[in-house]
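**Student:** Here's a sequence, model it:
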Amino acid sequence: MLSLQQRAAAELRLRTFNCSTITSRGTWRTLGSTHCIHVLHNKRICQLQSACDVLSVHAAAQYQAQQQLPFSSPRCANDAPFLQACSAAKLVLAQSQCSPSSRKPLMTSTQIPQVPLCRAVCVGQADGTNAFISQFRLEGAASGPLAGLTLAVKDLYDIAGHKTGFGNPTWLDTHPIADATSPAVAALLEAGATAAVAAGQADIGLGSDTGGSVRVPASFCGLFGLRPTHGRVSLAHARPLAASYDTCGWFTRDAVLLQRVGQVLLQHPATQIPKPQAPIAPRWLVAKDAFAMADAAATQAIYDALAGARFGKVQAVLGAPIEVEVAGDALAGDGLHELGAWVEAFRITQAYEVWQEHGSWVTEAQPAFGPGVADRFKMASEITPEEHHAAAAQRSRIKQHMQQLLGGDGLLALPTAPGPAIACDATQQQQNEFRKGLLGLTCIAGLSGLPQVTIPLAVVDGLPVGLSLIGPAGSDEQLLDVAVGLTAAVQDTTALCARTV
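**Tutor:** Below is the predicted model of the structure:
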(Lines give C-alpha, C1' and ligand atoms only; values in the text may rest on other atoms or scores of the structure.)
Protein backbone atom coordinates (compact mmCIF):
# COMPACT_ATOMS: atom_id res chain seq x y z
CA MET A 1 0.00 0.00 0.00
CA LEU A 2 1.30 3.43 -0.89
CA SER A 3 2.34 5.62 2.01
CA LEU A 4 0.68 8.97 2.59
CA GLN A 5 3.50 10.99 1.06
CA GLN A 6 3.54 8.70 -1.99
CA ARG A 7 -0.14 9.25 -2.62
CA ALA A 8 0.26 12.92 -1.89
CA ALA A 9 3.08 13.24 -4.38
CA ALA A 10 0.92 11.88 -7.16
CA GLU A 11 -1.48 14.77 -6.72
CA LEU A 12 0.26 17.47 -4.72
CA ARG A 13 -1.77 20.61 -4.27
CA LEU A 14 -1.93 23.19 -1.56
CA ARG A 15 -5.21 24.77 -0.70
CA THR A 16 -6.67 26.87 2.06
CA PHE A 17 -9.45 25.90 4.36
CA ASN A 18 -11.15 27.97 7.04
CA CYS A 19 -10.20 26.58 10.40
CA SER A 20 -11.50 27.17 13.89
CA THR A 21 -8.11 27.11 15.53
CA ILE A 22 -5.23 29.53 15.65
CA THR A 23 -2.82 28.01 13.17
CA SER A 24 0.85 27.36 13.76
CA ARG A 25 2.69 28.54 10.70
CA GLY A 26 5.92 27.08 11.98
CA THR A 27 9.31 28.34 10.94
CA TRP A 28 7.70 30.60 8.39
CA ARG A 29 6.28 32.83 11.11
CA THR A 30 3.41 33.38 8.73
CA LEU A 31 -0.38 33.22 8.50
CA GLY A 32 -1.95 31.60 11.47
CA SER A 33 -4.87 33.02 13.37
CA THR A 34 -7.59 32.73 10.79
CA HIS A 35 -6.71 29.95 8.37
CA CYS A 36 -4.81 26.74 7.90
CA ILE A 37 -2.94 25.62 4.83
CA HIS A 38 -3.54 21.98 4.02
CA VAL A 39 -1.98 19.55 1.64
CA LEU A 40 -4.36 17.31 -0.25
CA HIS A 41 -3.66 13.66 0.57
CA ASN A 42 -5.90 11.25 -1.31
CA LYS A 43 -8.89 13.60 -1.05
CA ARG A 44 -8.36 14.24 2.64
CA ILE A 45 -7.20 17.39 4.37
CA CYS A 46 -4.05 16.85 6.38
CA GLN A 47 -3.82 19.84 8.67
CA LEU A 48 -0.33 21.28 8.56
CA GLN A 49 0.77 23.16 11.62
CA SER A 50 4.09 24.11 13.21
CA ALA A 51 6.82 21.56 12.54
CA CYS A 52 4.59 19.34 10.45
CA ASP A 53 3.80 21.91 7.75
CA VAL A 54 7.37 22.00 6.48
CA LEU A 55 8.03 18.32 7.12
CA SER A 56 4.98 17.01 5.26
CA VAL A 57 5.41 19.24 2.22
CA HIS A 58 9.08 18.35 2.10
CA ALA A 59 8.37 14.61 2.19
CA ALA A 60 5.76 14.83 -0.55
CA ALA A 61 7.91 17.03 -2.76
CA GLN A 62 10.94 14.82 -2.25
CA TYR A 63 9.08 11.74 -3.43
CA GLN A 64 7.59 13.72 -6.30
CA ALA A 65 11.05 14.76 -7.44
CA GLN A 66 12.42 11.25 -7.22
CA GLN A 67 9.57 9.88 -9.30
CA GLN A 68 9.68 12.84 -11.74
CA LEU A 69 6.00 13.54 -11.23
CA PRO A 70 4.46 16.87 -12.27
CA PHE A 71 4.51 19.59 -9.65
CA SER A 72 1.06 21.13 -9.22
CA SER A 73 0.38 24.77 -8.53
CA PRO A 74 -1.42 25.75 -5.33
CA ARG A 75 -5.08 26.60 -5.27
CA CYS A 76 -6.32 29.27 -2.88
CA ALA A 77 -9.70 30.23 -1.53
CA ASN A 78 -11.09 33.40 -3.03
CA ASP A 79 -11.76 34.83 0.40
CA ALA A 80 -8.12 34.55 1.44
CA PRO A 81 -5.77 35.50 -1.40
CA PHE A 82 -3.17 36.58 1.12
CA LEU A 83 -2.56 32.91 1.92
CA GLN A 84 -1.18 32.28 -1.53
CA ALA A 85 2.22 33.68 -0.63
CA CYS A 86 2.93 31.16 2.08
CA SER A 87 1.31 28.31 0.14
CA ALA A 88 3.51 28.95 -2.86
CA ALA A 89 6.56 29.57 -0.70
CA LYS A 90 6.38 26.04 0.64
CA LEU A 91 5.96 24.58 -2.81
CA VAL A 92 8.79 26.56 -4.32
CA LEU A 93 11.20 25.96 -1.48
CA ALA A 94 10.41 22.26 -1.32
CA GLN A 95 10.80 22.00 -5.08
CA SER A 96 14.05 23.96 -5.13
CA GLN A 97 15.57 21.68 -2.53
CA CYS A 98 14.28 18.38 -3.84
CA SER A 99 14.02 18.67 -7.61
CA PRO A 100 16.94 18.02 -9.96
CA SER A 101 18.72 21.29 -10.68
CA SER A 102 18.41 20.76 -14.40
CA ARG A 103 14.62 20.79 -14.29
CA LYS A 104 12.96 24.10 -15.02
CA PRO A 105 10.85 25.20 -12.04
CA LEU A 106 7.12 25.06 -12.63
CA MET A 107 6.56 28.00 -10.31
CA THR A 108 8.67 31.09 -9.93
CA SER A 109 8.67 34.09 -7.64
CA THR A 110 6.80 36.13 -10.24
CA GLN A 111 3.80 33.85 -9.79
CA ILE A 112 3.63 34.64 -6.08
CA PRO A 113 1.77 37.81 -5.11
CA GLN A 114 3.70 40.56 -3.38
CA VAL A 115 1.92 40.24 -0.06
CA PRO A 116 3.84 41.38 3.04
CA LEU A 117 2.68 38.66 5.40
CA CYS A 118 5.28 35.94 5.68
CA ARG A 119 7.99 36.08 8.30
CA ALA A 120 10.96 33.79 8.26
CA VAL A 121 13.48 32.75 10.84
CA CYS A 122 16.11 31.83 8.29
CA VAL A 123 19.45 30.08 8.66
CA GLY A 124 21.87 29.59 5.81
CA GLN A 125 19.46 29.89 2.90
CA ALA A 126 18.52 32.64 0.50
CA ASP A 127 14.85 33.27 -0.09
CA GLY A 128 14.10 32.60 -3.73
CA THR A 129 10.36 32.79 -3.32
CA ASN A 130 9.86 36.56 -3.05
CA ALA A 131 7.37 35.74 -0.30
CA PHE A 132 9.09 37.08 2.80
CA ILE A 133 9.29 40.66 4.00
CA SER A 134 11.97 39.89 6.57
CA GLN A 135 14.48 37.23 7.41
CA PHE A 136 16.46 36.91 10.58
CA ARG A 137 18.86 34.51 12.17
CA LEU A 138 18.56 33.15 15.70
CA GLU A 139 21.33 30.90 16.89
CA GLY A 140 20.82 28.73 19.94
CA ALA A 141 23.40 28.16 22.65
CA ALA A 142 26.52 26.25 21.65
CA SER A 143 25.62 23.44 24.03
CA GLY A 144 22.59 22.22 25.91
CA PRO A 145 20.00 19.43 25.94
CA LEU A 146 18.58 20.56 22.58
CA ALA A 147 21.86 21.45 20.87
CA GLY A 148 21.83 20.74 17.15
CA LEU A 149 18.03 20.70 16.89
CA THR A 150 15.94 23.18 14.92
CA LEU A 151 12.86 25.01 16.07
CA ALA A 152 9.66 26.19 14.38
CA VAL A 153 7.76 28.95 16.20
CA LYS A 154 4.09 29.85 15.88
CA ASP A 155 3.43 33.42 14.82
CA LEU A 156 2.09 34.60 18.14
CA TYR A 157 5.32 34.44 20.15
CA ASP A 158 7.29 37.68 20.32
CA ILE A 159 10.89 37.82 19.17
CA ALA A 160 12.66 41.01 20.18
CA GLY A 161 13.25 43.38 17.28
CA HIS A 162 10.60 41.84 15.03
CA LYS A 163 6.87 42.18 14.56
CA THR A 164 4.52 39.39 15.57
CA GLY A 165 1.79 39.00 12.96
CA PHE A 166 -0.65 36.86 14.97
CA GLY A 167 -1.71 35.35 11.66
CA ASN A 168 -3.44 38.44 10.34
CA PRO A 169 -2.14 41.18 8.02
CA THR A 170 -4.10 43.91 9.78
CA TRP A 171 -2.67 42.87 13.13
CA LEU A 172 0.81 43.02 11.65
CA ASP A 173 0.16 46.54 10.38
CA THR A 174 -1.39 47.85 13.58
CA HIS A 175 1.04 46.57 16.20
CA PRO A 176 4.60 47.62 17.07
CA ILE A 177 7.86 45.72 16.93
CA ALA A 178 8.33 43.40 19.91
CA ASP A 179 10.71 44.69 22.56
CA ALA A 180 11.27 41.30 24.25
CA THR A 181 11.44 37.63 23.34
CA SER A 182 8.92 35.14 24.67
CA PRO A 183 10.39 33.19 27.64
CA ALA A 184 9.35 29.91 26.01
CA VAL A 185 11.29 30.72 22.83
CA ALA A 186 14.24 32.00 24.84
CA ALA A 187 14.34 28.83 26.95
CA LEU A 188 14.54 26.59 23.89
CA LEU A 189 17.24 28.75 22.30
CA GLU A 190 19.21 28.74 25.54
CA ALA A 191 18.95 24.94 25.52
CA GLY A 192 20.73 24.89 22.17
CA ALA A 193 17.89 24.79 19.65
CA THR A 194 18.33 26.90 16.52
CA ALA A 195 15.44 28.63 14.81
CA ALA A 196 15.53 27.80 11.10
CA VAL A 197 13.43 27.84 7.98
CA ALA A 198 14.28 25.10 5.54
CA ALA A 199 12.10 22.27 4.37
CA GLY A 200 12.53 19.25 6.59
CA GLN A 201 14.72 20.98 9.16
CA ALA A 202 12.21 21.59 11.96
CA ASP A 203 12.72 19.11 14.80
CA ILE A 204 10.54 20.96 17.31
CA GLY A 205 7.37 22.96 16.72
CA LEU A 206 6.46 25.47 19.43
CA GLY A 207 2.77 26.24 19.25
CA SER A 208 -0.16 27.06 21.48
CA ASP A 209 -3.31 25.15 22.31
CA THR A 210 -6.57 26.85 23.24
CA GLY A 211 -9.17 24.54 21.73
CA GLY A 212 -6.89 21.90 20.19
CA SER A 213 -4.29 23.67 18.04
CA VAL A 214 -1.48 21.37 19.17
CA ARG A 215 -3.35 18.14 19.79
CA VAL A 216 -5.47 18.03 16.63
CA PRO A 217 -2.81 18.73 13.98
CA ALA A 218 -0.49 16.34 15.80
CA SER A 219 -3.12 13.62 15.46
CA PHE A 220 -3.81 14.46 11.81
CA CYS A 221 -0.12 14.53 10.88
CA GLY A 222 1.27 11.60 12.86
CA LEU A 223 3.18 13.72 15.39
CA PHE A 224 3.57 13.68 19.16
CA GLY A 225 2.15 16.72 20.93
CA LEU A 226 1.65 18.01 24.45
CA ARG A 227 -0.82 20.49 25.86
CA PRO A 228 0.60 21.10 29.37
CA THR A 229 -1.30 21.85 32.55
CA HIS A 230 -2.84 25.30 32.13
CA GLY A 231 -0.43 27.95 33.39
CA ARG A 232 2.51 25.58 33.66
CA VAL A 233 4.56 27.12 30.81
CA SER A 234 4.84 30.88 30.47
CA LEU A 235 2.87 32.64 27.76
CA ALA A 236 4.43 36.00 28.52
CA HIS A 237 5.18 37.96 25.34
CA ALA A 238 2.74 35.79 23.39
CA ARG A 239 -0.53 36.97 21.93
CA PRO A 240 -3.50 35.68 23.95
CA LEU A 241 -6.70 34.33 22.46
CA ALA A 242 -8.67 33.18 25.53
CA ALA A 243 -6.34 33.41 28.51
CA SER A 244 -8.03 30.86 30.76
CA TYR A 245 -7.69 28.25 27.99
CA ASP A 246 -4.42 29.25 26.28
CA THR A 247 -1.43 26.96 26.82
CA CYS A 248 2.06 26.76 25.36
CA GLY A 249 2.40 23.40 23.61
CA TRP A 250 4.84 21.66 21.31
CA PHE A 251 5.15 19.02 18.57
CA THR A 252 7.90 16.52 17.80
CA ARG A 253 8.31 13.43 15.65
CA ASP A 254 9.22 11.12 18.55
CA ALA A 255 8.25 10.73 22.19
CA VAL A 256 11.77 11.03 23.60
CA LEU A 257 12.29 14.45 22.01
CA LEU A 258 8.85 15.53 23.22
CA GLN A 259 10.05 14.67 26.71
CA ARG A 260 13.38 16.46 26.25
CA VAL A 261 11.58 19.64 25.26
CA GLY A 262 9.40 19.23 28.33
CA GLN A 263 12.47 18.99 30.54
CA VAL A 264 13.45 22.44 29.29
CA LEU A 265 10.08 24.18 29.32
CA LEU A 266 8.68 22.60 32.49
CA GLN A 267 11.70 23.10 34.75
CA HIS A 268 10.75 26.69 35.63
CA PRO A 269 6.94 26.66 35.93
CA ALA A 270 5.19 29.96 35.34
CA THR A 271 2.65 28.99 37.99
CA GLN A 272 3.35 26.81 41.00
CA ILE A 273 0.99 23.89 40.49
CA PRO A 274 1.11 21.09 43.10
CA LYS A 275 2.23 17.80 41.57
CA PRO A 276 0.30 14.63 42.42
CA GLN A 277 2.04 12.50 45.02
CA ALA A 278 1.12 9.15 43.49
CA PRO A 279 2.38 8.09 40.04
CA ILE A 280 -0.09 8.42 37.19
CA ALA A 281 -0.18 4.71 36.39
CA PRO A 282 -1.51 2.12 37.07
CA ARG A 283 -5.13 3.42 37.16
CA TRP A 284 -5.86 3.43 33.43
CA LEU A 285 -9.28 4.91 32.69
CA VAL A 286 -10.82 4.35 29.26
CA ALA A 287 -13.31 7.08 28.35
CA LYS A 288 -16.28 5.17 26.92
CA ASP A 289 -18.31 8.22 25.96
CA ALA A 290 -15.30 9.86 24.33
CA PHE A 291 -14.60 6.79 22.22
CA ALA A 292 -18.29 6.74 21.28
CA MET A 293 -17.78 10.16 19.65
CA ALA A 294 -15.05 8.81 17.38
CA ASP A 295 -15.43 7.02 14.07
CA ALA A 296 -15.88 3.28 14.48
CA ALA A 297 -12.83 2.68 12.29
CA ALA A 298 -10.67 4.99 14.40
CA THR A 299 -11.81 3.38 17.65
CA GLN A 300 -11.11 -0.09 16.27
CA ALA A 301 -7.68 0.94 14.99
CA ILE A 302 -6.71 2.31 18.41
CA TYR A 303 -7.97 -0.79 20.20
CA ASP A 304 -6.11 -3.04 17.75
CA ALA A 305 -2.90 -1.09 18.28
CA LEU A 306 -3.09 -1.71 22.03
CA ALA A 307 -4.28 -5.32 21.89
CA GLY A 308 -2.87 -8.71 21.02
CA ALA A 309 0.72 -9.55 21.80
CA ARG A 310 1.41 -5.94 22.83
CA PHE A 311 -1.27 -5.83 25.51
CA GLY A 312 0.97 -7.19 28.26
CA LYS A 313 3.53 -4.47 27.58
CA VAL A 314 0.78 -1.85 27.46
CA GLN A 315 -0.56 -2.98 30.84
CA ALA A 316 2.93 -2.79 32.30
CA VAL A 317 2.87 0.92 31.47
CA LEU A 318 -0.78 1.84 32.02
CA GLY A 319 -2.15 -0.82 34.33
CA ALA A 320 -5.40 -2.71 33.80
CA PRO A 321 -8.03 -0.77 31.82
CA ILE A 322 -11.12 0.52 33.63
CA GLU A 323 -14.00 1.82 31.52
CA VAL A 324 -15.57 5.08 32.71
CA GLU A 325 -18.06 7.66 31.51
CA VAL A 326 -16.36 11.06 31.55
CA ALA A 327 -19.65 12.96 31.55
CA GLY A 328 -21.63 10.51 33.62
CA ASP A 329 -24.62 10.43 35.94
CA ALA A 330 -22.68 12.32 38.62
CA LEU A 331 -23.23 15.47 36.54
CA ALA A 332 -26.84 14.80 35.58
CA GLY A 333 -28.14 17.34 38.09
CA ASP A 334 -26.00 20.02 36.45
CA GLY A 335 -27.17 19.19 32.93
CA LEU A 336 -23.64 18.04 32.05
CA HIS A 337 -24.12 14.27 31.76
CA GLU A 338 -23.28 14.35 28.02
CA LEU A 339 -20.12 15.69 26.38
CA GLY A 340 -22.26 17.76 24.03
CA ALA A 341 -23.19 19.95 27.00
CA TRP A 342 -19.48 20.33 27.81
CA VAL A 343 -18.93 21.62 24.27
CA GLU A 344 -21.53 24.32 24.83
CA ALA A 345 -19.91 25.40 28.11
CA PHE A 346 -16.56 25.54 26.34
CA ARG A 347 -17.97 27.44 23.36
CA ILE A 348 -19.57 30.16 25.47
CA THR A 349 -16.73 30.69 27.94
CA GLN A 350 -13.99 30.65 25.32
CA ALA A 351 -15.82 32.87 22.83
CA TYR A 352 -16.70 35.40 25.53
CA GLU A 353 -13.03 35.65 26.53
CA VAL A 354 -11.95 36.02 22.91
CA TRP A 355 -14.32 38.94 22.40
CA GLN A 356 -13.30 40.60 25.66
CA GLU A 357 -9.67 40.33 24.57
CA HIS A 358 -9.97 41.27 20.91
CA GLY A 359 -13.43 42.74 20.36
CA SER A 360 -12.29 46.36 20.48
CA TRP A 361 -9.53 45.75 17.96
CA VAL A 362 -11.84 43.81 15.63
CA THR A 363 -14.43 46.60 15.80
CA GLU A 364 -11.92 49.39 15.20
CA ALA A 365 -9.52 47.77 12.72
CA GLN A 366 -12.13 45.81 10.72
CA PRO A 367 -9.63 43.09 9.75
CA ALA A 368 -10.28 40.60 6.95
CA PHE A 369 -11.26 37.13 8.14
CA GLY A 370 -12.34 33.98 6.40
CA PRO A 371 -16.11 33.36 6.57
CA GLY A 372 -15.90 30.75 9.33
CA VAL A 373 -13.73 32.91 11.56
CA ALA A 374 -15.83 35.99 10.91
CA ASP A 375 -18.95 34.05 11.89
CA ARG A 376 -17.35 32.91 15.15
CA PHE A 377 -16.32 36.45 16.04
CA LYS A 378 -19.88 37.60 15.39
CA MET A 379 -21.20 34.83 17.63
CA ALA A 380 -18.71 35.80 20.34
CA SER A 381 -19.83 39.42 20.23
CA GLU A 382 -23.40 38.38 21.02
CA ILE A 383 -22.72 36.38 24.20
CA THR A 384 -24.13 38.16 27.23
CA PRO A 385 -22.43 38.41 30.64
CA GLU A 386 -25.29 36.36 32.08
CA GLU A 387 -24.70 33.53 29.58
CA HIS A 388 -21.00 33.60 30.35
CA HIS A 389 -21.61 33.51 34.10
CA ALA A 390 -23.83 30.42 33.78
CA ALA A 391 -21.34 28.63 31.51
CA ALA A 392 -18.45 29.55 33.82
CA ALA A 393 -20.31 27.93 36.72
CA GLN A 394 -20.68 24.77 34.63
CA ARG A 395 -16.99 24.88 33.85
CA SER A 396 -16.15 25.03 37.55
CA ARG A 397 -18.31 21.95 38.14
CA ILE A 398 -16.59 20.11 35.28
CA LYS A 399 -13.17 20.95 36.66
CA GLN A 400 -14.15 19.66 40.08
CA HIS A 401 -15.57 16.49 38.54
CA MET A 402 -12.41 15.78 36.54
CA GLN A 403 -10.25 16.23 39.63
CA GLN A 404 -12.39 13.67 41.43
CA LEU A 405 -12.37 11.28 38.47
CA LEU A 406 -8.59 11.26 38.06
CA GLY A 407 -7.52 11.76 41.64
CA GLY A 408 -3.75 11.67 41.89
CA ASP A 409 -3.16 8.47 39.94
CA GLY A 410 -5.73 8.36 37.13
CA LEU A 411 -4.87 8.43 33.46
CA LEU A 412 -7.72 9.00 31.00
CA ALA A 413 -7.37 7.48 27.52
CA LEU A 414 -9.43 8.86 24.65
CA PRO A 415 -9.12 9.50 20.90
CA THR A 416 -7.40 12.80 20.13
CA ALA A 417 -9.82 13.44 17.27
CA PRO A 418 -12.90 11.62 15.93
CA GLY A 419 -10.76 10.11 13.19
CA PRO A 420 -8.35 11.14 10.44
CA ALA A 421 -8.56 14.60 8.93
CA ILE A 422 -11.96 15.18 7.35
CA ALA A 423 -12.33 14.68 3.60
CA CYS A 424 -11.72 17.87 1.66
CA ASP A 425 -14.94 17.46 -0.31
CA ALA A 426 -17.08 17.09 2.82
CA THR A 427 -20.29 19.08 2.89
CA GLN A 428 -20.72 21.97 5.30
CA GLN A 429 -23.01 19.80 7.41
CA GLN A 430 -20.37 17.06 7.57
CA GLN A 431 -17.74 19.61 8.54
CA ASN A 432 -19.97 20.96 11.31
CA GLU A 433 -20.62 17.47 12.65
CA PHE A 434 -16.92 16.67 12.58
CA ARG A 435 -16.11 19.90 14.40
CA LYS A 436 -18.74 19.17 17.04
CA GLY A 437 -17.28 15.73 17.68
CA LEU A 438 -13.78 17.17 17.69
CA LEU A 439 -14.66 19.76 20.33
CA GLY A 440 -16.35 17.07 22.39
CA LEU A 441 -12.94 15.43 22.71
CA THR A 442 -10.66 18.46 22.98
CA CYS A 443 -12.82 20.44 25.42
CA ILE A 444 -12.25 17.95 28.25
CA ALA A 445 -8.69 19.02 29.01
CA GLY A 446 -9.45 22.63 28.11
CA LEU A 447 -12.34 23.02 30.52
CA SER A 448 -10.47 21.29 33.34
CA GLY A 449 -7.02 22.79 32.70
CA LEU A 450 -5.39 19.34 32.66
CA PRO A 451 -2.34 18.17 30.68
CA GLN A 452 -2.92 16.02 27.60
CA VAL A 453 -0.42 14.20 25.41
CA THR A 454 -1.26 12.77 21.99
CA ILE A 455 0.57 9.79 20.51
CA PRO A 456 0.41 8.77 16.81
CA LEU A 457 -0.85 5.29 17.58
CA ALA A 458 -2.91 4.05 14.66
CA VAL A 459 -3.69 4.38 10.96
CA VAL A 460 -7.09 4.49 9.23
CA ASP A 461 -7.16 4.32 5.43
CA GLY A 462 -3.48 5.20 5.40
CA LEU A 463 -3.97 8.30 7.57
CA PRO A 464 -2.72 8.89 11.14
CA VAL A 465 -4.95 8.65 14.21
CA GLY A 466 -3.81 9.78 17.65
CA LEU A 467 -4.49 8.39 21.12
CA SER A 468 -4.58 10.94 23.94
CA LEU A 469 -3.79 10.55 27.61
CA ILE A 470 -5.03 13.13 30.13
CA GLY A 471 -3.40 13.23 33.56
CA PRO A 472 -3.98 15.09 36.82
CA ALA A 473 -3.01 18.75 37.12
CA GLY A 474 0.75 19.14 37.45
CA SER A 475 1.51 15.62 36.21
CA ASP A 476 3.14 16.80 32.98
CA GLU A 477 6.50 15.10 33.56
CA GLN A 478 4.88 11.81 34.55
CA LEU A 479 2.59 12.04 31.54
CA LEU A 480 5.62 12.40 29.26
CA ASP A 481 7.24 9.41 30.99
CA VAL A 482 4.14 7.35 30.26
CA ALA A 483 4.11 8.52 26.64
CA VAL A 484 7.70 7.33 26.20
CA GLY A 485 6.90 4.00 27.85
CA LEU A 486 3.73 3.41 25.86
CA THR A 487 5.48 4.31 22.61
CA ALA A 488 8.16 1.72 23.34
CA ALA A 489 5.47 -0.86 24.10
CA VAL A 490 3.73 -0.31 20.76
CA GLN A 491 6.70 0.90 18.74
CA ASP A 492 5.75 -1.15 15.69
CA THR A 493 2.43 0.71 15.39
CA THR A 494 3.84 4.18 16.08
CA ALA A 495 6.57 3.52 13.53
CA LEU A 496 3.90 2.57 10.99
CA CYS A 497 1.97 5.73 11.81
CA ALA A 498 5.10 7.85 11.43
CA ARG A 499 5.71 6.42 7.98
CA THR A 500 2.36 7.74 6.77
CA VAL A 501 3.50 11.37 6.87
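
**Student:** Could you check how far Gly410 is from Ala242?
**Tutor:** In this view, Gly410 and Ala242 are 26 Å apart by Cβ to Cβ, to the nearest Å. (Glycine included, C-beta is placed from N, CA and C.)

**Student:** SS state for Val453?
**Tutor:** At Val453 the chain is in strand, as set by DSSP: H, G, I helix; E, B strand; the rest coil.

**Student:** burial of it, as a residue count?
**Tutor:** 32 (other Cβ atoms under 10 Å).

**Student:** show me the contacts for it.
**Tutor:** Val453 makes contacts with Phe224, Gly225, Leu226, Arg227, Leu258, Ser468, Leu469, Leu479, Leu480, Val482, Ala483, as judged by Cβ atoms under 8 Å, 6 or more residues apart in numbering.

**Student:** Break the protein into its domains for me.
**Tutor:** The chain is divided into the following domains under automatic domain parsing: 4-209, 283-471.

**Student:** And the shortest one, end to end?
**Tutor:** What that stands for is domain 283-471. End-to-end distance for domain 283-471, by Cα to Cα, to the nearest Å: 11 Å.

**Student:** same question for that domain, mean pLDDT?
**Tutor:** Averaging pLDDT along domain 283-471 yields 94.

**Student:** what residues does stretch 374-385 touch?
**Tutor:** Contacts to stretch 374-385, defined as Cβ under 8 Å, 6+ apart, come from residues Ser20, Ile348, Ala351, Tyr352, Val354, Trp355, His358, Gly359, Val362, Phe369.

**Student:** Confirm for me that the second one is in contact with His388.
**Tutor:** It stands for Ile348. Yes - with contact defined as Cβ atoms under 8 Å, Ile348 reaches His388; the gap is 6.1 Å.

**Student:** low-scoring stretches of the stretch 1-150 of the chain, by residue?
**Tutor:** 1-138, 142 (pLDDT under 70).

**Student:** Next one: Val459 from Ile383, what distance?
**Tutor:** 40 Å.

**Student:** nope, Leu258 is what I was after
**Tutor:** 36 Å.

**Student:** Those two: who's more crowded?
**Tutor:** Between Leu258 and Ile383, counted using other Cβ under 10 Å, the more crowded position is Leu258 (25 against 20).

**Student:** Contacts only, for the more buried one.
**Tutor:** So Leu258 contacts Phe224, Gly225, Leu226, Trp250, Phe251, Thr252, Val453, Leu480, Ala483 (Cβ under 8 Å, 6+ apart).

**Student:** Pretty sure it sits in a helix.
**Tutor:** Yes - looking at Leu258 with three-state DSSP, it is inside a helix.

**Student:** Helices of the stretch 101-250 of the chain, residue ranges please.
**Tutor:** Per DSSP state H, counting those that start in this stretch, the stretch 101-250 of the chain carries helices over the ranges 169-174, 183-190, 215-221.

**Student:** Which strands and helices lie in contact with the second one?
**Tutor:** Just to be clear, that refers to helix 183-190. Helix 183-190 is packed against strand 150-153, strand 204-209, helix 255-265, with contacts defined by 3 or more Cβ pairs under 8 Å, 6 or more residues apart in numbering; DSSP states H and E.

**Student:** swap in the first one?
**Tutor:** Contact partners of helix 169-174 among helices and strands, from 3+ Cβ pairs under 8 Å, 6+ apart: helix 339-365.

**Student:** What are the buried residues along the helix it packs on?
**Tutor:** Within helix 339-365, the residues that qualify as buried are 339, 341-343, 345-355, 357-358, 362, counting by 16 or more other Cβ atoms under 10 Å.

**Student:** Does anything pack onto that helix? Which helices or strands?
**Tutor:** So helix 339-365, by 3+ Cβ pairs under 8 Å, 6+ apart, packs with helix 169-174, helix 371-381, helix 385-406, helix 428-448.

**Student:** Dump the ones you listed into a markdown table; add distance to Gly319 as well.
**Tutor:** Formatted as a markdown table, those follow (distance: least, Cβ to Cβ, whole Å):
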| stretch | distance to Gly319 |
| --- | --- |
| helix 169-174 | 47 |
| helix 371-381 | 40 |
| helix 385-406 | 13 |
| helix 428-448 | 20 |
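
**Student:** Save those helices as a markdown table, and put in distance to Ile302 and mean neighbour count too.
**Tutor:** Shown next, in a markdown table, are the helices and strands packed on helix 339-365 (distance: least, Cβ to Cβ, whole Å; neighbours: other Cβ atoms under 10 Å):
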| stretch | distance to Ile302 | mean neighbour count |
| --- | --- | --- |
| helix 169-174 | 39 | 16 |
| helix 371-381 | 29 | 16 |
| helix 385-406 | 20 | 16 |
| helix 428-448 | 12 | 20 |
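
**Student:** List just the one of the ones you listed that sits closest to Arg232.
**Tutor:** Closest of these to Arg232 is helix 428-448, at 12.4 Å (criterion: Cβ to Cβ).

**Student:** What angle do helix 385-406 and that closest one make with each other?
**Tutor:** 70 degrees (axes from the mean of the first three to the mean of the last three Cα atoms, to 10 degrees).

**Student:** Next, the buried residues of stretch 172-184.
**Tutor:** The neighbour-count check on stretch 172-184 (16+ other Cβ under 10 Å) flags Leu172, His175, Ala178, Thr181, Ser182, Pro183, Ala184 as buried.

**Student:** do the same with stretch 262-273
**Tutor:** Neighbour-count burial for stretch 262-273 [16+ other Cβ under 10 Å]: Gly262, Val264, Leu265, Leu266, Pro269, Ala270, Ile273.

**Student:** can you check stretch 288-296 too?
**Tutor:** Judged by neighbour count using 16+ other Cβ under 10 Å, the buried positions of stretch 288-296 are Asp289, Ala290, Phe291, Met293, Ala294, Asp295.

**Student:** Find the residue closest to the last one in space, skipping its chain neighbours.
**Tutor:** What it means is Asp295. Gly419 (3.7 Å; Cβ to Cβ, 6 or more residues apart in numbering).

**Student:** so how far is Lys378 from Gly359?
**Tutor:** In terms of Cβ to Cβ, Gly359 sits 11 Å off from Lys378.

**Student:** again, but for Phe251
**Tutor:** Remark: distance between Phe251 and Lys378 (Cβ to Cβ) = 31 Å.

**Student:** show me where the stretch 201-350 of the chain has strands.
**Tutor:** Under the criterion DSSP state E, counting those that start in this stretch, strands of the stretch 201-350 of the chain are mapped to 204-209, 224-227, 247-252, 283-287, 321-324.

**Student:** Distance to Thr150 and mean neighbour count added to those strands, as TSV?
**Tutor:** Below are these laid out as TSV (distance: least, Cβ to Cβ, whole Å; neighbours: other Cβ under 10 Å):
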stretch	distance to Thr150	mean neighbour count
strand 204-209	7	29
strand 224-227	16	30
strand 247-252	11	28
strand 283-287	35	20
strand 321-324	38	13
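
**Student:** now these in JSON lines, with distance to Ala393?
**Tutor:** Formatted as JSON lines, the strands of the stretch 201-350 of the chain follow (distance: least, Cβ to Cβ, whole Å):
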{"stretch": "strand 204-209", "distance to Ala393": "24"}
{"stretch": "strand 224-227", "distance to Ala393": "24"}
{"stretch": "strand 247-252", "distance to Ala393": "22"}
{"stretch": "strand 283-287", "distance to Ala393": "24"}
{"stretch": "strand 321-324", "distance to Ala393": "24"}
